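> Show me the folded form of this:
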Amino acid sequence: MKIKRTAAIVAATTASLCVIAIVAGPGAAAFPTQKSESKSLAQNTQDGPVFTVENYVHPEADRLGEELGIKLKDGNGNMIYVECTPDGSLIRVESIDATGNVVCFQATGSPAWLNMEITGSFGVQTGQKPVDVTSTLDGKEAKMTVPKNSVKPVGVADGESVVVQLKVN
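Purely as a prediction, here's the structure:
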């Protein structure tokens, strides 16, 4: 029975590869081509393609940092910066130092976490899930959980704390 099942899987895989080869054209498998429009993600060099390596840094962290007055570091890719809207599902960090006094994030998956430095933080508002917040004040780290659909002050709510991590489980 196992031999028949294995043979059927091999036959189906071979048939799929044949269809792909026919659609791609002669020589496609032996001589893959590289499209020039992919250069924004991986630049081609004389020696061959340069591959993108995941470093877990937030996309456009430098540009966003300059525009917003914050520092985005690394994360798992499931929490991203978004423009603030009245949408109740966003995570909002209130800060006297940030442009517009608020920075918003969206958890696109679970778990989601992002390391950052948002100086002058004084509050965190959550959306539909609780958020674990790590902050520092005078070099001392503090952790708290903000329940879903809630607002909690950060530190002593005087704008002296630095939010250093947001995490959604």
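> can you list the domains in the chain?
The chain breaks down into these domains under automatic domain parsing: 2-49, 61-168.
> just flag whichever of these has the lowest average confidence.
Between the domains of the chain, the one with the least mean pLDDT is domain 2-49; it has a mean of 45.
> you'd agree Val164 is in a helix?
No - applying DSSP: H, G, I helix; E, B strand; the rest coil, one finds Val164 to be strand, outside a helix.
> got the contact list for the closest residue to it other than its chain neighbours?
Among residues not flanking Val164 along the chain, Thr134 sits closest, at 5.3 Å (Cβ to Cβ, 6 or more residues apart in numbering). To be clear about C-beta, it is placed using only N, CA and C from the backbone, and glycine gets the same treatment. When contacts are counted by Cβ atoms under 8 Å, 6 or more residues apart in numbering, Thr134 touches Glu141, Ala142, Lys143, Val163, Val164, Gln165, Lys167.
> Scan those residues and report the most crowded one.
Neighbour tally across the contacts of Thr134 (other Cβ atoms under 10 Å): the maximum, 26 neighbours, falls on Val163.
> for the protein, what spans make up the helices?
Secondary structure of the chain (DSSP state H): helices at 2-24, 61-68.
> Tell me how many other residues surround the spatially closest residue to Met144 that is not a sequence neighbour.
Once flanking residues are discounted, Met144 sits nearest to Val133: 5.4 Å by Cβ to Cβ, 6+ apart. The tally of other residues near Val133 (other Cβ under 10 Å) stands at 24.
> List phi and psi for the nearest residue to Gly100 once chain neighbours are set aside.
Once flanking residues are discounted, Gly100 sits nearest to Cys84: 7.2 Å by Cβ to Cβ, 6+ apart. Dihedral pair for Cys84: phi -70, psi 130, per degrees, to the nearest 10.
> what's the burial count for Leu68?
Counted by other Cβ under 10 Å, the residues lying close to Leu68 total 18.
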